[in-house]
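> Can you look at this prediction? I've put the sequence above it.
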Amino acid sequence: MDGDQIAQFGYLVLLLVAVGGSFLVSQRQNLGKSLQQAAIWGLIFVGTVAVVGLWGDVKNTVSPRQASLSTGEITVPRMPDGHFYLDLTINGQDTRFVVDTGASEMVLTTADAARVGIDVAQLDFLGRANTANGQVRIARVTLDQVQLEDIVDRGFRATVNQGEMRQSLLGMTYLSRFERISIEGDRLILER
């Protein structure tokens, strides 16, 4: 807390003491019950102050978001599960990817492929890919537009995985388009 925040907190405590004191004086006959109610309101007040003061930290811990800097650098926080996730816009639809440097290509789940406008029923799953879960059938597709923040790629080649996947994968065919990829602490930094 800086000096201004300490002063604001001090003011709120003095305000609480003044309001609480006047309430106690007016309730002298039922002092026991009044003290109990005052203690409850005091705890509610302290809890509210704590939540307001810590909300920014809690929000960033629970749901950190990727940030784009004006220098063309994109910073991605590590999520509590240990992975990095990127939110891209594919053919106008927001799609969440897990960054997977072990994946050769951008791989869409069948659900994500359908959501971005690919007719999954018409795909020919002729290719095969080796995954951690064994061999799966894949179909090659071309995405009209892939956008990450203000970076736009058109006519991007990807695959659709016919097997069960929880999350679409952002593999090396996309990541290699960046000039610099680094992990610094709990941040993935991409620069194009």
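It's in.
> For my notes, confirm residue 160 occurs in a strand.
Yes. Under DSSP: H, G, I helix; E, B strand; the rest coil, residue 160 sits within a strand.
> mind checking pLDDT for it?
Looking at residue 160, its pLDDT is 95.
> do residue 66 as well
The per-residue pLDDT reported for residue 66 equals 60.
> Give the bridge partners for residue 141, please.
residue 158 (DSSP bridges).
> Who are the contact partners of it?
Taking CB atoms under 8 Å, 6 or more residues apart in numbering, we find residue 141 in contact with 108, 113, 118, 123, 157, 158, 159, 160. The way it works is simple: take the backbone N, C-alpha and C, and place the C-beta from them, glycine included.
> which residues touch the fifth one?
This means residue 157. Neighbouring residues of residue 157 by CB under 8 Å, 6+ apart: 105, 140, 141, 142, 143, 173.
> thinking again about what came up before, most neighbours among the contacts of residue 141, please name it.
Neighbour counts for those (other CB atoms under 10 Å) peak at residue 108, which has 27 neighbours.
> beta partners of it?
Note on residue 108: beta-bridge partners by DSSP bridges are residue 160.
> related to what we said a few turns ago, is it possible to export the contacts of residue 141 to CSV including distance to residue 47?
Listed next are the contacts of residue 141 as CSV, based on distance: CB to CB, whole Å:
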residue, distance to residue 47
108, 44
113, 46
118, 49
123, 53
157, 53
158, 48
159, 50
160, 48
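> Closest to residue 92 out of the residues you listed?
The nearest member of the contacts of residue 141 to residue 92, counting by CB to CB, is residue 118 at 12.7 Å.
> related to what we said a few turns ago, quick one: buried ones out of the contacts of residue 157?
105, 141, 143, 173 (16 or more other CB atoms under 10 Å).
> Helix or strand next in line after the helix or strand bottoming out on mean pLDDT in the chain, which one?
Confidence across the helices and strands of the chain bottoms out at strand 67-68, with a mean of 55, counting by mean pLDDT, DSSP states H and E. With elements assigned by DSSP states H and E, the helix or strand that comes after strand 67-68 is strand 73-77.
> could you say what helices and strands that following strand packs with?
Judged by 3 or more CB pairs under 8 Å, 6 or more residues apart in numbering; DSSP states H and E, strand 73-77 is in contact with strand 67-68, strand 187-191.
> picking that back up, can you tell me which of the buried ones among the contacts of residue 157 are in strands?
Judged by DSSP state E, strands contain the following of the buried ones among the contacts of residue 157: 141, 143.
> For residue 72, see how far away the residue sitting furthest away from the middle of the chain is.
In the chain, residue 29 marks the outermost C-alpha relative to the chain mean, sitting 53.7 Å out by CA atoms, centre = their mean. Between residue 29 and residue 72 the computed distance is 70 Å (CB to CB, to the nearest Å).
> Just say helix, strand or coil for the residue farthest from the centre of the chain.
Classified using three-state DSSP, residue 29 is helix.
> how far away is it from residue 22?
From residue 29 over to residue 22 (counting by CB to CB), the distance is 15 Å.
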